[in-house]
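*Asks:* build me a model:
(2 chains)
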Amino acid sequence: MDFIYSVISPGVLSQILVGLSRTVILFIVSSGLSLILGVLRIPNVAHGSLYMIGAYMAFSISHVFGGSDMGFWLALVGAPLGVALVSLIAERGLFQYLYEREHLMLLLLTFAVSLVFGDLVKIVWGAEYKSVPVPQVFQGFVLLFGNLPFPRYNTFLLVMGPLVAVALWLIVNKTKIGKISRAAAVDREMVDAVGINVSWVFGMVFVIGCLLAGLGGALVAPTVSVTLGMDHTLIIEAFLIVIMGGLGNIWGALLGALIFGLTQSLGILIWPQFGIIFPYTAVVVVLIFRPTGLLKSTW
Amino acid sequence: MVGNNMSKTGHKKYISLYIGIIILLLFPLVLPRFYIYLLSIMLLYGLAATSLNIVLGYGGIFQFHHAVFYGIGAYGTALVLTKTGFSPWLGFIIGPLVSAALSLIMGIICIRLSKLYFGMLQISLGSLIWAIVYRWYSFTGGDDGIHGIPIPELLQSPNGAYYFTLIITIISLWLMYRIIKSPFGSILQGIRDNPVRSEMIGVNVKKHQLLALVIAGFFAGVAGMLFVVVDNTVFPDMMFWTLSLEILIMCLLGGLFSFFGPLLGASVIVALRTFVSTFTVYWALVLGIIMMLVIFFLPNGILGYVDEIIRRKSRTEIVKG
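*Replies:* You can find the predicted model right below:
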């Protein structure tokens, strides 16, 4: 394994791996956002709030089981489903009436929803920091590439990313709902005309997208302190990733998340104080040269 | 819409405007300090919202990150006042000019894109600027911001700051009104309604949009400068994305296609925020619900609704006559 270190120093390598595990979270959340943008054309600002709700739900479930491993796995399943339920209510109660409205209105409506969600979280869970314990199986470090210690949980994240990507590819390309939704994204009226209930298909796609936000929240919960306001930074990052990759293109979201995650982690290495600038600069550079994103947008 | 009303009932409208200004001038004689402070905040947010409306309502440009120009105007002023030996009055001009310059640079980068893409690129550039301000402790004070900014003695009392804000706001609003009513304003609205056609008849679309962006950026900077005068502080949240959305709501609540709508919307939001915050910490919840109600039931804002009622009334009168 020494040849790896002759090319790249251990510090940089571990930072790349950290960036990749961040990429997994960013990809899971922004692919959901991209799915909703591509099919429903809703710039869903509330997506960040659903991510936050996912993290808080994961905290609650894990808390009920006393921080045991069982609690973690249940949280990983339960939190996304809980978020899906919340989003189903929001979609059927609010959004479905507004699909034909212009983007500005949709943006503001979803922002209103995110404000309401933010305060509801404050009411339900309080304003204190919450922490979710890392499950026993994933505590400690593994040695990658011979002797590079890397947190087990992050390794788990690195495995989860491709799994979610494959699952998403199967849903979009192989299932009926995926095919219908892709058709509806191109020509909603035509799909309506052949007798498919587009409204419910849209509802389903919305729920799947939000489920991904919840999954992202549940996955990130053990690595960060769960707190109010974690939605605000994430939603901007997710939006930038989606724009960078091409609106509605899930693989664009993957590419965007890779660029964003890696520039973020390597940026900190290069210039600790202003590491935060690098991913934003990357977005600006990409958009200057490719105004509609790296990959083909469905718009 | 509003333009027609203005010319028909011009004198009447102007008289109510003059009365309004006189009332605003007399407020400090009767109202306690806190309300004077609140009025100043209302005025400067109204100015920020009106400047957004120039590009959004009249220009049809998706300016999603207007708060950056507001924040940079404030930071520009604050930095001149704290870090340089220049006269503070010069700082009051430099701040808005920095905003206008930033608006020009960001405009040149973003203007090639349209609608949602424009808005998104602007959000990313704006977030970049926010990130720099947030991290640059030695220069901008980082996430603490800058407090206790020294301002001229004349403006240190709440009343002094209020009169300064009032006068600057009135002048700015008047200038923006003139701009909207000028040929430039008409072309801008033409571009909004049909950019392709405007291009065909020989209008340089991008140049006009860019100019509108710079004007909006400048007046947003003026609003930021006024905040420094009224509150003597700046902080990075002043250019965070959520504030941009709040300014958007102010425009929407008052009415996007009317000149005084954003001013009204800003006053309502600021007043409500102060009022609601006295007995609950859940202001965001209340604001969210108000926004939803506005989007569902008042898509044209308060002034748009009033306009509609007036028109409906006059129509029934015509039918009766």
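*Asks:* wait, residue A:255 touches residue A:295, no?
*Replies:* Yes - assessed by C-beta atoms under 8 Å, residue A:255 is found in contact with residue A:295 at 6.5 Å. Where C-beta positions appear, they are placed from N, C-alpha and C, glycine not excepted.
*Asks:* residues in chain A within reach of chain B, list them.
*Replies:* The interface of chain A toward chain B, taken as C-beta under 8 Å from any C-beta of the partner chain, is made up of A:43, A:45, A:94, A:97-98, A:103-105, A:107-109, A:111-116, A:118-120, A:122-123, A:232, A:236, A:239-240, A:243, A:247, A:273-274, A:276-277, A:280-281, A:283-284, A:287-288, A:291-292.
*Asks:* for PyMOL, what selects the buried ones among those residues?
*Replies:* Listed next is the PyMOL selection for buried residues among the residues of chain A next to chain B, using 16 or more other C-beta atoms under 10 Å in any protein chain shown:
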select buried, chain A and resi 43+45+94+104+105+107+108+109+111+112+113+114+115+116+118+119+120+232+236+239+240+243+247+276+277+280+281+283+284+287
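*Asks:* who touches both of residue A:255 and residue A:295?
*Replies:* Taking C-beta atoms under 8 Å, 6 or more residues apart in numbering or on different chains as the criterion, residue A:255 and residue A:295 both touch residue A:245.
*Asks:* and stretch B:113-128, is it in reach of chain A?
*Replies:* Yes - counting by C-beta under 8 Å from any C-beta, chain A is contacted by stretch B:113-128 at B:113, B:115-117, B:120-121, B:123-125, B:127-128.
*Asks:* including secondary structure, could those residues go into a markdown table?
*Replies:* Formatted as a markdown table, the residues of stretch B:113-128 next to chain A follow (DSSP: H, G, I helix; E, B strand; the rest coil):
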| residue | secondary structure |
| --- | --- |
| B:113 | coil |
| B:115 | helix |
| B:116 | helix |
| B:117 | helix |
| B:120 | helix |
| B:121 | helix |
| B:123 | helix |
| B:124 | helix |
| B:125 | helix |
| B:127 | helix |
| B:128 | helix |
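*Asks:* and the two most separated of the residues you listed?
*Replies:* For the residues of stretch B:113-128 next to chain A, the farthest-apart pair by C-beta to C-beta is B:115 and B:128; their separation is 21.1 Å.
*Asks:* the more surrounded of these two?
*Replies:* Set residue B:115 next to residue B:128 and count neighbours by other C-beta atoms under 10 Å in any protein chain shown: residue B:128 wins out with 21 against 13.
*Asks:* residue contacts, that one?
*Replies:* Going by C-beta under 8 Å, 6+ apart, residue B:128 touches A:277, A:280-281, A:284.
*Asks:* nearest to chain B, of the residues you listed?
*Replies:* Nearest to chain B among the contacts of residue B:128: residue A:280, at 3.8 Å, using C-beta to the nearest C-beta.
*Asks:* how close does the closest one get to residue A:241?
*Replies:* Applying C-beta to C-beta, to the nearest Å, the value for residue A:280 to residue A:241 is 12 Å.
*Asks:* show me where the stretch 151-299 of chain A has helices.
*Replies:* A:152-174, A:176-186, A:188-193, A:198-220, A:230-245, A:250-270, A:277-289 (DSSP state H, counting those that start in this stretch).
*Asks:* now do the last one against helix A:250-270, angle only.
*Replies:* With axes from the mean of the first three to the mean of the last three C-alpha atoms, to 10 degrees as the basis, helix A:277-289 and helix A:250-270 are set at 140 degrees to each other.
*Asks:* what does helix A:277-289 rub up against?
*Replies:* For helix A:277-289, the external contacting residues (C-beta under 8 Å, 6+ apart) are A:237, A:240, A:243-244, A:259-260, A:263-264, A:266-267, A:270-271, A:293-294, B:109, B:113, B:117, B:121, B:124-125, B:127-128, B:131-132, B:135.
*Asks:* in stretch B:268-286, what's buried?
*Replies:* With burial defined by 16+ other C-beta under 10 Å, the residues of stretch B:268-286 counted as buried are B:268-270, B:273-274, B:276, B:282-286.
*Asks:* per-residue confidence averaged over that stretch?
*Replies:* When pLDDT is averaged over stretch B:268-286, the result is 89.
*Asks:* same deal with stretch A:37-48?
*Replies:* Average pLDDT, stretch A:37-48: 88.
*Asks:* quick check: end-to-end length of it?
*Replies:* One end of stretch A:37-48 to the other measures 14 Å (C-alpha to C-alpha, to the nearest Å).
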